[in-house]
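1. Curious how this folds, go ahead:
(chains A, B, C and D)
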There are 4 protein chains.
Amino acid sequence: MVVVMETGAVEPDIQGVIERLNHFGFDVHRSSGEQQIVLGAIGVKPGFDTRHISVLNGVAAVYRVTEPYKFASRAWKTENTVVQAGQHQVGGDALAIMAGPCSVESEEQIHACAELVAAQGATFLRGGAFKPRSSPYSFQGMGKEGLVMLREAADAHNLAVVTEVMEPAQLDLIAQYTDVFQIGARNMQNFSRLKEVGKTRIPVLLKRGMSATVKEWLMSAEYLLAEGNADVILCERGIRTFEDYTRNTLDLSAVPVVKAKSHLPIIVDPSHGTGIRNKVTPMARAAVAAGADGLMIEVHPDPDSAVSDGPQSLYFHQFETLMEQVRAIALVVGRS
Amino acid sequence: MVVVMETGAVEPDIQGVIERLNHFGFDVHRSSGEQQIVLGAIGVKPGFDTRHISVLNGVAAVYRVTEPYKFASRAWKTENTVVQAGQHQVGGDALAIMAGPCSVESEEQIHACAELVAAQGATFLRGGAFKPRSSPYSFQGMGKEGLVMLREAADAHNLAVVTEVMEPAQLDLIAQYTDVFQIGARNMQNFSRLKEVGKTRIPVLLKRGMSATVKEWLMSAEYLLAEGNADVILCERGIRTFEDYTRNTLDLSAVPVVKAKSHLPIIVDPSHGTGIRNKVTPMARAAVAAGADGLMIEVHPDPDSAVSDGPQSLYFHQFETLMEQVRAIALVVGRS
Amino acid sequence: MVVVMETGAVEPDIQGVIERLNHFGFDVHRSSGEQQIVLGAIGVKPGFDTRHISVLNGVAAVYRVTEPYKFASRAWKTENTVVQAGQHQVGGDALAIMAGPCSVESEEQIHACAELVAAQGATFLRGGAFKPRSSPYSFQGMGKEGLVMLREAADAHNLAVVTEVMEPAQLDLIAQYTDVFQIGARNMQNFSRLKEVGKTRIPVLLKRGMSATVKEWLMSAEYLLAEGNADVILCERGIRTFEDYTRNTLDLSAVPVVKAKSHLPIIVDPSHGTGIRNKVTPMARAAVAAGADGLMIEVHPDPDSAVSDGPQSLYFHQFETLMEQVRAIALVVGRS
Amino acid sequence: MVVVMETGAVEPDIQGVIERLNHFGFDVHRSSGEQQIVLGAIGVKPGFDTRHISVLNGVAAVYRVTEPYKFASRAWKTENTVVQAGQHQVGGDALAIMAGPCSVESEEQIHACAELVAAQGATFLRGGAFKPRSSPYSFQGMGKEGLVMLREAADAHNLAVVTEVMEPAQLDLIAQYTDVFQIGARNMQNFSRLKEVGKTRIPVLLKRGMSATVKEWLMSAEYLLAEGNADVILCERGIRTFEDYTRNTLDLSAVPVVKAKSHLPIIVDPSHGTGIRNKVTPMARAAVAAGADGLMIEVHPDPDSAVSDGPQSLYFHQFETLMEQVRAIALVVGRS
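-> Next comes the predicted model:
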């Protein structure tokens, strides 16, 4: 931690800061510039609240030198993490494509999706059985029945399953049917849930919160890693900005940023990231071109009748076109 | 719902939209402008996803005419809601001041706070026993022991208690000790928790999510109200913007906006809204001047030693000054 | 324009709104829903301030049905605009690549850039002679001398020139040396300058303001088009969000959005959009994959010695790699 | 400037950074922490682009220790600046209230405003003669004729004049009629205009850009101060966020932030900050309670007929009520 004193800070204030740093157990380095004194504090723990120092008299600024996360950092682990989920991988040479409907609605629907998804070379089937909805008046998911259908459809086509977990109480139930727990954007900072999921050994797909910085996102990954679950997949799905022609602003620069800061794989969800079907394909292509390790795409045999998120789900023929383009772009960036 | 067709939309597209609206059970009004056809859809339910229509051929824009919330709206209930919590109220003529430490740390600490708070005319004691922390390495709260101390301190000074609930599993426990459940900003859209809390008959203080619009905030209140819990208090605590000299941007215009849209009381938390002690007092004054129904303030007998949020907690003498100024401003805006 | 009355609005209020709409010269359609009255106003001009109506008693919401821009809209002109600048085009089948240094520094530097740029198949040479700088203590550009060098270097390699215009007073001077006027992000809403540039017949590259919505951006294009300058190229260069690991958040979803709303070509500037060299190549690839009509890239023979923006300028060998990848992705999306 | 090396950075990289720092003329301090090397660079000029260092191999982060502005900083001048404009002041004990119509429309209108404004104790008359409008189809101001009317009305009631300058070419003209040049939000970073205005000795009211950080705002003030114009008044008028029930989010925490960072006076414009009449009064009260040095308020004898911004202009009786409340709150915060 680096503490910059104000221009003209008086000696008693400087001593006050040094004593306070010592009080917290840090060693202190003092160096004098032309105009300002800078104090280096050594031994600062990741959880330390730097505001303890920034409120002291005479302090101009405090910078945390080390990132607040450890296990999630590239410094901790230099090689890329490859997550194994069922028989499939995320973060290896091959792109990981996860596709399927927003919600599981029927056996027929989920089997049709699984067949399409597998035929196009995707390896994960997505689908919601417990749905978080911003309106209490919306469809809330099929529950356990949906999980059973999802698993059967995936198994029939050699796909891994990824599905959202909303409540700690559902954890054991969902664990029987899924290969990957999905944690939704609205729960990225639901810390008690992160801890529970971190205690399992089932891979986790952690969506970025709508207003989370990359740093906070990696801190949430840290919660999972610190509990011992090493298999974390990050998923960018759009952040909130002032722009109102789209639902969210898909932040594709998060892909190279995460690649530099962390060893964890990162995929992109252009379906939620744009919210409108005809923006999904261009943004899916762009995500792969930016270096993402995979995609999560909503697809539905009959989007017009979907009980949820139909307007952002692709028709089957659109998904086929998308996969064709994605395969070509993957080669350009050295993926398969 | 109003559907605006594109300039030059062809008749088959217009018919397609009308059929689709009928399919969802809406009556349709057609009116022709100079350049564009406008369709009015009648009978649209709050949970309807307007994107079902916006993706259709020939549609330029869709506007939801009714707000997506009902019980939270001023149209549903024109007079202000006054929430009764223990022996005290929020939303009446008198400002409701809630104050106390970020975390309950010891009997001595919480009793000192309660004594100060009561002496200054505040009526609610706040304090956390279960703490959501963005770092897994930070203090996570005293748990049940903290709840007991909080209740005793409040009772000794005739104060009501407000404390955060992080998990549905804690609900029954916390219910024995608190007068108001607090739902934190990071859980504003934790819908399963909202439902659980909505089923109780204990008042709820619902903090605004860091990136939530006022509309989404009122939708989350709707979750509580729809389950039958009518005693909802809204709490503005700052939103996320690009400005980086402050932790969050306290959105005080939310106060008159909420007052116009809803009958629910709204208070302001300038401690989290600014994150730095010397910004708390000016923003607390400003909140009252803007018409807020109350304040939530962090105060600590020894902020420098606080286990959490010390840097944004007021010293006792600062709280006394703040209360003096707040009382004077309250009179100007017709409150006591 | 559609005016939605509040639930339970009384007849005198409704009549008041109708009279006011008539006062502004609009025809009014009245239709009654289950709970609410909706008024359609016909004949509303693009410049009308809808708040004239939204402040009236009993009004719940007002929606502008027509977009506030006309000449910039896809409805006005359905086929894509192809801008001819010198001997080169933007918006046709071939991607338009604009590259060069941030600032013109010397003959040697700009000739080296022009040679590289042309060899790699780019058709536009960029370079600043008058520089807008956020610090008064930074390099402010070579002025006219720089313009001369830029033009000579471009001519020697059959490239078109694009350079920024900061002041109306410079317009005649710069017009002698450039093929395209660039209007910077900070001046996107400098309306008097837009008018001046709109009166010329030199193509304009209009950068998106750092906090401009796509709608406002198209309104600024409208200023140019309304003055008779039909050759407008839009350039996305990143918007301001709360994310702080990058300088700006490059909004690539603006590409498909603009393509749907407008006939104007859109290119992407990943150099300013990310601000850091090693993010430029992945985001350039992503922009092309998203469907952009071209790129604007900063490149420098010796970025470490550049007088401005060196840290976001590519080395020559990086630019060569980028162009190779871009060519491959262009084929996937049907461009050359 | 403080340079933090990555954990495990190798010696050649560290030497590379040191050499580069020396190349720029900085002295370097090296200190070693538990895990990381930290380099202090001494002698860094305000205009230095820190990215020159952040792109080097082995660098984890770079922090600019000194603020990039100098003359605008509280460190440079500890006592508050009081700006003298005509016979009135901004930044002294008394609040400075600036009020008047958005646009000057007629002699009758501007005289009525001046009479009201003076009677209520305001000391500045505002009014636009040259208007920046986001639509080319909107009213663009009366020009010189408006300036003459504005000056006469102000003189008749002993008021100072504040009016916007849009173009350098208008500077000499406007200087004859105004006491304060206003620079609008959209031109806060129009650096060539800042320089021109900085060369005059007429006080300047500098509005905050819609997406400007406080730091950038102070940098723009620095442009004025560096040219020798010491009389700069800052004006907060709302920033852009995702919230859409209001036009902008008025950032009142900017008031205490600016007071801490700078010696310049700061006033608040709640008319543009909220965009809707019935939000103006609560936010004006809040601004004064937060410690602002004054207010800028739009008021009109007949807002319903105003040619611009009528919906956010107060009726005369509303302005009278506002002033009454503002006077009472001013006393609470020690102002008159």
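2. Does the top helix by length along chain A reach chain C?
-> Assignment by DSSP state H gives helix A:316-332 as the longest helix of chain A. Yes: Helix A:316-332 comes into contact with chain C (Cβ under 8 Å from any Cβ of the partner chain), by way of A:325, A:328-329, A:331-332. Using the backbone N, CA and C atoms, a C-beta is placed for each residue, glycine as well.
3. Now do residue A:160: how many residues are near it, please.
-> Around residue A:160 there are 24 other residues, counting by other Cβ atoms under 10 Å in any protein chain shown.
4. So what's the residue count around the nearest residue to it once chain neighbours are set aside?
-> Nearest residue to residue A:160, sequence neighbours excluded (Cβ to Cβ, 6 or more residues apart in numbering or on different chains): residue A:86, at 3.7 Å. When counting by other Cβ under 10 Å, one arrives at 18 neighbours for residue A:86.
5. give the contact list for residue A:86.
-> A:159-161, A:179 (Cβ atoms under 8 Å, 6 or more residues apart in numbering or on different chains).
6. now, which of these sits nearest residue C:52?
-> Nearest to residue C:52 among the contacts of residue A:86, counting by Cβ to Cβ, is residue A:161 at 55.1 Å.
7. Identify the bridge partners of that closest one.
-> Under DSSP bridges, the beta-bridge partners of residue A:161 are residue A:125.
8. what separates it from residue B:40, distance-wise?
-> Applying Cβ to Cβ, to the nearest Å, the value for residue A:161 to residue B:40 is 43 Å.
9. same deal with residue A:292?
-> 43 Å.
10. Over to residue A:309?
-> Distance, residue A:309 to residue B:40, using Cβ to Cβ: 25 Å.
11. These two: which is more packed in?
-> More neighbours surround residue B:40 than the other of residue A:309 and residue B:40, with 24 against 21 (other Cβ under 10 Å).
12. Correct me if wrong: that one contacts residue B:28.
-> Yes: between residue B:40 and residue B:28 there is a contact under Cβ atoms under 8 Å: 7.0 Å.
13. Just say helix, strand or coil for residue A:282.
-> Of the three states, residue A:282 takes helix under DSSP: H, G, I helix; E, B strand; the rest coil.
14. I'd assumed residue C:291 was in contact with it.
-> Yes: assessed by Cβ under 8 Å, residue A:282 is found in contact with residue C:291 at 5.0 Å.
15. between these two, what contacts are shared?
-> Contact criterion Cβ under 8 Å, 6+ apart; residues shared by residue A:282 and residue C:291: C:255-256.
16. When these two are compared, which one has more neighbours?
-> Remark: of residue A:282 and residue C:291, residue A:282 carries more neighbours, 25 against 21, as counted by other Cβ under 10 Å.
17. who's in contact with that one?
-> Residues near residue A:282 by Cβ under 8 Å, 6+ apart: C:255-256, C:289-291.
18. Could you work out the most separated pair of the residues you listed?
-> The most widely separated members of those, counting by Cβ to Cβ, are C:256 and C:289 (11.2 Å).
19. So for these two, which residue has more residues nearby?
-> Each of residue C:256 and residue C:289 has its neighbours counted (other Cβ under 10 Å); residue C:289 has more, 31 against 23.
20. first vs last residue of stretch A:287-296, how far apart are they?
-> Distance between the two ends of stretch A:287-296: 11 Å, counting by Cα to Cα, to the nearest Å.
21. quick check: domain ranges of chain A?
-> Domains of chain A are assigned by automatic domain parsing as A:2-63, A:83-332.
22. Residue D:149: which of those is closest?
-> The nearest among the domains of chain A, by Cβ to Cβ, is domain A:83-332 at 36.8 Å.
23. With distance to residue C:52 and pLDDT added, can I get the contacts of residue A:86 in JSON lines?
-> Below are the contacts of residue A:86 laid out as JSON lines (distance: Cβ to Cβ, whole Å; pLDDT from 0 to 100):
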{"residue": "A:159", "distance to residue C:52": "57", "pLDDT": "98"}
{"residue": "A:160", "distance to residue C:52": "57", "pLDDT": "98"}
{"residue": "A:161", "distance to residue C:52": "55", "pLDDT": "97"}
{"residue": "A:179", "distance to residue C:52": "58", "pLDDT": "98"}
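24. so residue A:155, which of the three states?
-> Under three-state DSSP, residue A:155 falls in the helix class.
25. Output the host helix or strand of residue A:233 in CSV, but only the C-alpha positions, please.
-> Counting by DSSP states H and E, the element that carries residue A:233 is strand A:232-236. Output of strand A:232-236 as CSV, limited to C-alpha atoms (Å, rounded to 0.1, in the frame of the first residue of the first chain):
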residue,chain,number,x,y,z
VAL,A,232,-14.5,-21.2,-12.0
ILE,A,233,-15.7,-20.0,-15.4
LEU,A,234,-16.3,-16.3,-15.8
CYS,A,235,-19.2,-15.1,-18.1
GLU,A,236,-19.5,-11.5,-19.4
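26. got the contact list for that strand?
-> Strand A:232-236 has contacts (Cβ under 8 Å, 6+ apart) with A:72, A:81, A:83, A:90-91, A:180, A:182, A:203-208, A:217, A:221, A:224-225, A:250-252, A:254-255, A:258, A:262, A:264-269, A:273, A:287, A:292-293, A:296.
27. Whichever helix or strand comes after it near chain D anywhere?
-> Next helix or strand after strand A:232-236 toward the C-terminus (DSSP H and E): helix A:254-261. No: using Cβ under 8 Å from any Cβ, helix A:254-261 stays clear of chain D, coming no nearer than 10.0 Å.
28. So which elements touch helix A:254-261?
-> Judged by 3 or more Cβ pairs under 8 Å, 6 or more residues apart in numbering or on different chains; DSSP states H and E, helix A:254-261 is in contact with helix A:214-226, strand A:232-236, strand A:266-268, helix C:277-289.
29. Run a quick neighbour tally on the residue in the stretch 51-200 of chain A that chain C sits nearest to.
-> Proximity to chain C, evaluated over the stretch 51-200 of chain A using Cβ to the nearest Cβ, is greatest for residue A:67 at 10.5 Å. By other Cβ under 10 Å, 21 other residues sit near residue A:67.
30. how about the nearest residue to it, chain neighbours excluded?
-> Nearest residue to residue A:67, sequence neighbours excluded (Cβ to Cβ, 6+ apart): residue A:73, at 5.7 Å.
31. so who does the one you found touch?
-> Neighbours of residue A:73 in contact, by Cβ under 8 Å, 6+ apart: A:67, A:218, A:261-263.
32. would CSV of those with pLDDT be doable?
-> Formatted as CSV, the contacts of residue A:73 follow (pLDDT from 0 to 100):
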residue, pLDDT
A:67, 76
A:218, 96
A:261, 92
A:262, 96
A:263, 97
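33. Now the two most distant members of those residues.
-> Longest span within those, Cβ to Cβ: A:67 and A:263, 13.0 Å.
34. Chain C versus residue A:247, what's the distance?
-> Applying Cβ to the nearest Cβ, to the nearest Å, the value for residue A:247 to chain C is 10 Å.
35. Could you check what's spatially nearest to that residue, not counting adjacent residues?
-> residue A:275 (3.1 Å).
36. my read: that neighbour touches residue A:248, true?
-> Yes: using Cβ under 8 Å, residue A:275 is in contact with residue A:248, at 6.7 Å.
37. Spit out the residues that contact these two alike.
-> Between them, residue A:275 and residue A:248 share these contacting residues under Cβ under 8 Å, 6+ apart: residue A:238.
38. Low-confidence stretches in the stretch 201-336 of chain A?
-> The model of the stretch 201-336 of chain A has no residue with pLDDT under 70.
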